[in-house]
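> The following comprises the amino acid sequence and a computationally predicted model.
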Amino acid sequence: MRAYRYFLTVFFSSLLTMPFYGFSQASVYDVVIYGGTAAGFTAAIQVAKLGKKVALLEPGNHMGGIGIDGLGGTDIDNHKNFRNSPAVGGLALEFYKRIAKTYGRSEAFEKALKDHTRDPRLWKFESSVAERIIRNWLLEYKVDLYYGRRLKEGEGAVQKNGSRILAIVAENGGVFKARVFIDATMEGDLLAAAGVTTVTGREANAQYNESFNGIRGVTDHAQFQVKVDPYIIPGNPASGLLPTMQDEPLGIPGSADDHLQAYCFRMCLTNIPENRIPFTKPANYDRSQYEIYLRYEKAGGKLYTPAYDLPNHKTDLGAWHDLSHNLYGMNAAYPGGNYATRKAILDQHRWYTQGLFYFLANDPEVSEPIRNAWSRAGLCKDEFADNEGWPRMFYVRDARRMVSDYVITEQMGRRQHPTPVADPVAVAYWPMDIHSVRRIVRDGYAYNEGAVFREQDWRPFGISYRSLIPKINECTNLLTPSCISSSHIAYGAIRIEFTYMSLGQACGAAASIAIDENVPVQKIRYGKLKRCLSNGKQVLDANKLEIQE
């Protein structure tokens, strides 16, 4: 009998992973969401709250996006010149309230909201805590969760009838049919597979009459604070460039190119000995890769060190410094690359960063204060346990962006005379923030090109519903909260985790309304969507928010 039961278990389990080719065998839902990011899980919860049957497909093995892969120092109330927490509402605010409850700080959190005070510590969290909260929240609403469901590569990933998606096919053969689909990935793979127009890189300033897009004639944000010789043999251009440098001219300021702002791992480190995994030398360690860091110190620069400002003495070590683990120019092939190409780029970022941390902690030529600070740090035993304490994904700051009939541009976020937004579904409350895209030679020294952080002449702005929907002739039942229709520079104000959560809520509500009204997503009534979002405590009116303090 035991053998028979084992046979049945194996048999039926195998059925779940067999490829399906007919719709009668497909998994059928009202809404299918591809991508378990911050936008994806909030979209799923919103759909479920509105009584629809929803599936959330995650290409990897963890739900939550970059927030559960290192980014715990959320960009809320962490800037001295403005307080953006008033823009956090709806499901995004519910997420942070659940975080606060887990850490036993609900009273302080609610008091800060009531008193309009700024305390960035109240919004920070550990990745493992966030993942647990997100998973339980999704199960609470009975969202069907599918892990390891990467979209099939090549032909046949999306089955359409005209401009309507009928089903999508996963790499393992699973077929998912729905009335409405949502692409909540950072890469926009479902958009591209469905034939929706997308773009990557920087547009020319002239395309949308902008000032901060395209190649930057002057990059003064996160620029080298000291002069660093970029050549393998100092002063000798013929010897070639140091690693991390690109052999490219500056180009024509304001013109377009295909470069992307740098990616990096958001590193969760600790200096608590009981929880610390010391940095070890990678098998492919190459000390010469890090020569630029020695040159930088010898020129008088101060290298960055970990800051333990997350709960339980952990870091969210980003890379906003002039010289860090941002890898400029090494990600251009990522958005449109196949899975093998993307893995190679991810692996390259990992081995470089692992080697860098080992170098900073151990190399005798690194100054003693820096070496001591890094040697006391290490990976966390209680984070990313399935990946040797290392985040499973790096920070994809931007990739594909949809090109729709409506494009968000720099003008929406200008301080003076901003372009009005008639149909806001969320508010972007962050400066237009772009990391550099290249490290080139300029005037004989290393130069970071492309960074923008508009600390002046900006304001929060409403995000139009029209930026979430494709052109109607391309697809009528697909939305995106994460690869929305915007220029490269405008996307820099949108790419914040709480904003993605708000846009996920908006897409979930819009998908449900489209089903109820039996219309394309482009034809739903904005008034009904606005009421739904307002009832869900979404923040919609940027004009009621403080601009700057």
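Alright, I've got the coordinates. Numbering: from 1, shown residues only.

> what's residue 65 sitting at in phi/psi?
Backbone torsions of residue 65, given as degrees, to the nearest 10, read phi 70, psi -150.

> how close does it get to residue 106?
24 Å (C-beta to C-beta, to the nearest Å). All C-beta atoms are positioned from the backbone trio N, CA, C, and that covers glycine.

> Then residue 430?
Taking C-beta to C-beta, one finds residue 430 at 26 Å from residue 106.

> just residue 188 next, same as before
For residue 188, the distance to residue 106 - C-beta to C-beta - is 37 Å.

> on that earlier part again, looking at residue 65 and residue 106, which is more packed in?
When neighbours are counted by other C-beta atoms under 10 Å, residue 65 comes out ahead of the other of residue 65 and residue 106, with 29 against 15.

> Identify the residue spatially nearest to the more buried one, adjacent ones excluded.
Among residues not flanking residue 65 along the chain, residue 37 sits closest, at 3.4 Å (C-beta to C-beta, 6 or more residues apart in numbering).

> which residues touch that neighbour?
64-66, 184-186, 482, 500, 504 (C-beta atoms under 8 Å, 6 or more residues apart in numbering).

> go on, residue 63?
Contacts of residue 63 by C-beta under 8 Å, 6+ apart are 36, 40-41, 56, 131, 134-135, 138, 145, 147.

> Now, those residues that are in strands?
56, 145, 147 (DSSP state E).

> Tell me the one of these nearest residue 153?
Lowest distance from residue 153 to the ones in strands among the contacts of residue 63 (C-beta to C-beta) belongs to residue 147, with 18.3 Å.

> Now do the helices for this structure: every range, in order, please.
Ranges of helices in the chain, per DSSP state H, are 2-17, 38-49, 90-102, 106-115, 127-140, 189-193, 205-208, 291-298, 339-362, 368-375, 488-494, 497-517, 526-535.

> Can you add mean pLDDT and give those back as JSON lines?
Putting the helices of the chain into JSON lines (pLDDT from 0 to 100) gives the following:
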{"stretch": "helix 2-17", "mean pLDDT": "35"}
{"stretch": "helix 38-49", "mean pLDDT": "98"}
{"stretch": "helix 90-102", "mean pLDDT": "98"}
{"stretch": "helix 106-115", "mean pLDDT": "97"}
{"stretch": "helix 127-140", "mean pLDDT": "98"}
{"stretch": "helix 189-193", "mean pLDDT": "98"}
{"stretch": "helix 205-208", "mean pLDDT": "98"}
{"stretch": "helix 291-298", "mean pLDDT": "98"}
{"stretch": "helix 339-362", "mean pLDDT": "98"}
{"stretch": "helix 368-375", "mean pLDDT": "98"}
{"stretch": "helix 488-494", "mean pLDDT": "98"}
{"stretch": "helix 497-517", "mean pLDDT": "98"}
{"stretch": "helix 526-535", "mean pLDDT": "98"}
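
> most packed of these?
Most buried of those by mean neighbour count (mean count of other C-beta atoms under 10 Å) is helix 38-49; its value is a mean of 29.

> tilt between that one and helix 526-535?
Our comparison of helix 38-49 with helix 526-535, counting by axes from the mean of the first three to the mean of the last three C-alpha atoms, to 10 degrees, yields an angle of 100 degrees.

> returning to that earlier point: can you tell me which of the helices of the chain comes nearest to residue 224?
Of the helices of the chain, nearest to residue 224 by C-beta to C-beta is helix 291-298, at 7.7 Å.
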